[in-house]
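K.L.:
predicted model and sequence below, questions to follow.
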Amino acid sequence: MSLKRKDLLSLAPLSVDEIRLILQTADSFKEVTGREIKKVPALRGRTVVNLFFEPSTRTRTSFELAAKRLSADVINFSPSSSSVVKGETLLDTARNIEAMQADIIVLRHPSAGAAEALARGVKSSVINAGDGWHEHPTQGLLDLYTIRERGLSFEGLRVAIVGDIAHSRVARSNIHALVKLGAEVRVVGPPTMIPSGVDKLGARVYYNFDEALRGVQVIMMLRLQLERQGKALFPTIREYARLYGLTAERVRLADPGVIVMHPGPINRGVEIAPEVADSLSSVILDQVANGVAVRMGILYLLSGAN
Amino acid sequence: MIDPGRFNGVADVLIDEGRVVAVGPHLKVPAGAAKIDATGRLVLPGFVDLHVHFREPGFEYKESIQSGAAAAVAGGFTSVCCMPNTNPVNDNQAITELMLDRARAAGLANVFPIGAITKGSEGKELAEIGDLRRAGCVAISDDGKPVMNSLVMRRAMEYALAFDVPVVDHCEDLHLAEGGCMNEGAISTELGLPGMPAAAEDVMVARNVALAELTGARLHLAHLSTEGSVRMVREAKSRGLHVTAEACPHHFTITEEVVRGYNTYAKMNPPLRTWKDVQAIKEGLRDGTIDVIATDHAPHASQEKQLGFTEAPFGIVGLETALPLTFALVDEGVLSLESAVDKLSTAPGKVFGLAKGTLAVGADADVTIVDQQEQWEVDPAKFRSKSRNTPFAGWKVKGRVRTTIVGGRVVFEAGQAEG
């Protein structure tokens, strides 16, 4: 079986079979990343371009590592976001990259829809590494992989996604995928951070964190963008942390086997207490490790190398 | 021949020296007169568009007064009112005069400039509204940059009373809509696009109605797009306030669904709304709450619309598609043919006091001849406008302008080849 797509732009249109295929493919690469020599020749001679219009360390590094472990040539291209402001059209950007004979373009862009626009303009495969508030599909997939690795089954799984849902592409990708796989998704946060109509995506809305935690097997914390304070979304970091910070006490309200996730980077003491981040229930570092394997799987499937 | 409120039947129209001199069945044709056979077609008072953006001066690469006027007459519009968001802003007599000069040179549609409410449309100090009026402005508006300060808006409405000039507002609370680029709701959430809630329009409609009541000004509300706006205007009219309103074809034809795929041709302000809003706009047109159909013709160059959805500018062209989209409401039973013509011609003439939009004896001979049944496909490559930004490309539509006459002169004839 193979992925019959040129691009990976979002999880919304993926079928359950496609999601399962990606997770299974990641399994074999997870094994590779555990070897002493962590490299396979699958993508030798292929070129992967990391095109990042937004600062990112971990996602870019994760993609770079994934591509290198597949023996692809990797180029990091980080146009200053001012060239976007200066008005170069996405189509022109796309043509420039295409002229470099890239097989796969990994795009991070501050505008929702940028990856879709790029994918329409180029023959290369495009992987969305985050577009505005829209989606971050590889993060969603590595989250799924981490849940599955813990032996949890998606059907009927109770997941709480907590924080600034409105401005989170991680939340959107996870909601789409988890709902598709049969999980019960609860979104939790102050009403100012819950986007209108999110229930239509299949999520249940909670404003009370404690109530939302009852019986959940997965708690997915989102990073609070501290700079949003003062934009009338929440009064103070202090109050936010009191209402929506994950403490050890709160963890006890959830299912006894609950796992705690976070896409990073974490704000210790704000959305997550240090002792929770470092606890046995935390799978935050597993997420990072799995990110490489999952991205290897995606690069491999999209390259048509299988 | 339809002259809304005056005549609806088969008739000849005799034009001399740029004016209508006789209307009636079987008129005697004076010797040597040119004849246009409009048998089986609709002979209508030329359409009047209260809301266009011709980008001259400043953004002629998007549209000039010449190209905009050519697009207007191709769409059956014999008179157009140009918003002041040019560069420099039309906030003084010199710009108004330049626009009128360019319009005369183009010699196509009648062009009526709309002056700015405030200097530079910055919402702070009043523009020289008296001078603007004297130079030929027919209304005042800060259009895309609505006056947020309610005291300034109050003073503008009061001051405008001295010149009997309508005050036009684009109703948008800039704080509520900040950063938004489409209607706020489930679709903006799914697409991850910043939304503009319907309330951003509604609160400003409410404010403007309250200020019109306070001042007695002639208030005209541009491009209503929400159910709430229609409801408030209906209520204001029922209390006898001097409030008029317009709606755009796109707001009664398509919904926010069209944004999917990050289609920048579906990005305009106010944004495309929901099915419920579309129904409310239609009901407002039907019951007379909305007086006028205007296009908000907003040309942008292709490289601008090729930017990402959040960066691309708001606006679509509308002059060359307004007629069939409006006539679709006739086929749907929302409007009678006569009231559709009224909303394109007669009502807008009255709202701005233009002495246009009628074929009464003595009126300017601005005439649009339409084939109501002709079907055609919208092909932006054939637009007279310099810009192609329309969400209606490829649409199969019905109703087509065959001949446009301005001041007794034929300024547009649809080519046989295109028929």
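P.N.:
Happy to help now that I have it.
K.L.:
how close does residue B:70 get to chain A?
P.N.:
Using Cβ to the nearest Cβ, to the nearest Å, residue B:70 is found at 27 Å from chain A. (Glycine included, C-beta is placed from N, CA and C.)
K.L.:
check contacts around residue A:212.
P.N.:
A:160, A:162, A:186, A:188, A:206 (Cβ atoms under 8 Å, 6 or more residues apart in numbering or on different chains).
K.L.:
check which element follows the lowest-mean-pLDDT helix or strand in chain A along the chain.
P.N.:
Lowest mean confidence among the helices and strands of chain A (mean pLDDT, DSSP states H and E): helix A:81-85, at a mean of 54. Downstream of helix A:81-85, the first helix or strand assigned by DSSP states H and E is helix A:90-99.
K.L.:
outside of the helix or strand where residue B:78 lies, which residues touch it?
P.N.:
Per DSSP H and E: residue B:78 is located in strand B:77-82. The contact list for strand B:77-82 (Cβ under 8 Å, 6+ apart) reads B:46-54, B:65, B:68-69, B:72, B:90, B:99, B:109-114, B:138-139, B:295, B:297, B:319, B:322, B:349, B:352, B:354, B:356-357, B:366-368, B:404-406.
K.L.:
list the buried residues for that strand?
P.N.:
The neighbour-count check on strand B:77-82 (16 or more other Cβ atoms under 10 Å in any protein chain shown) flags B:77-82 as buried.
K.L.:
for the helix or strand following that strand, list the C-alpha coordinates in PDB.
P.N.:
Going down the chain from strand B:77-82, the next helix or strand is helix B:93-106, by DSSP H and E. The C-alpha trace of helix B:93-106 is given here as PDB (Å, rounded to 0.1, in the frame of the first residue of the first chain):
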ATOM      1  CA  GLN B  93     -11.400  69.900  -4.500                       C
ATOM      2  CA  ALA B  94      -8.200  69.300  -6.700                       C
ATOM      3  CA  ILE B  95      -8.600  65.600  -6.600                       C
ATOM      4  CA  THR B  96     -12.300  65.800  -7.400                       C
ATOM      5  CA  GLU B  97     -11.600  68.000 -10.300                       C
ATOM      6  CA  LEU B  98      -8.900  65.700 -11.600                       C
ATOM      7  CA  MET B  99     -11.300  62.700 -11.500                       C
ATOM      8  CA  LEU B 100     -14.000  64.700 -13.300                       C
ATOM      9  CA  ASP B 101     -11.500  65.800 -16.000                       C
ATOM     10  CA  ARG B 102     -10.300  62.200 -16.500                       C
ATOM     11  CA  ALA B 103     -13.900  61.100 -16.800                       C
ATOM     12  CA  ARG B 104     -14.700  63.700 -19.400                       C
ATOM     13  CA  ALA B 105     -11.700  62.600 -21.400                       C
ATOM     14  CA  ALA B 106     -12.800  59.000 -21.200                       C
END
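K.L.:
SS state for residue A:129?
P.N.:
strand (DSSP: H, G, I helix; E, B strand; the rest coil).
K.L.:
residue contacts, the closest residue to residue A:253 other than its chain neighbours?
P.N.:
Sequence neighbours aside, residue A:213 is the residue nearest to residue A:253 in space, at 4.2 Å (criterion: Cβ to Cβ, 6 or more residues apart in numbering or on different chains). Counting by Cβ under 8 Å, 6+ apart, residue A:213 touches A:160, A:219, A:250, A:253-254.
K.L.:
show only the entries of the residues you listed found in strands.
P.N.:
A:160, A:219 (DSSP state E).
K.L.:
leaving out chain neighbours, which residue sits closest to residue B:227?
P.N.:
Leaving aside its chain neighbours, residue B:227 sits nearest to residue B:280 (3.8 Å; criterion: Cβ to Cβ, 6+ apart).
K.L.:
what about chain A, any weak spots by pLDDT?
P.N.:
Across chain A, residues meeting the criterion (pLDDT under 70) sit at A:1, A:80-88, A:305-306.
K.L.:
who in it is up against chain B?
P.N.:
Within chain A, the positions lying close to chain B (Cβ under 8 Å from any Cβ of the partner chain) are A:12, A:84, A:87, A:89-91, A:109-114, A:116-117, A:131-135, A:166, A:169, A:172, A:195-198, A:200-201.
K.L.:
related to what we said a few turns ago, tabulate the contacts of residue A:212 in TSV, adding columns for neighbour count, distance to residue B:304 and secondary structure.
P.N.:
Converted to TSV, these look like this (neighbours: other Cβ atoms under 10 Å in any protein chain shown; distance: Cβ to Cβ, whole Å; DSSP: H, G, I helix; E, B strand; the rest coil):
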residue	neighbour count	distance to residue B:304	secondary structure
A:160	25	42	strand
A:162	27	39	strand
A:186	22	41	strand
A:188	29	40	strand
A:206	18	42	strand
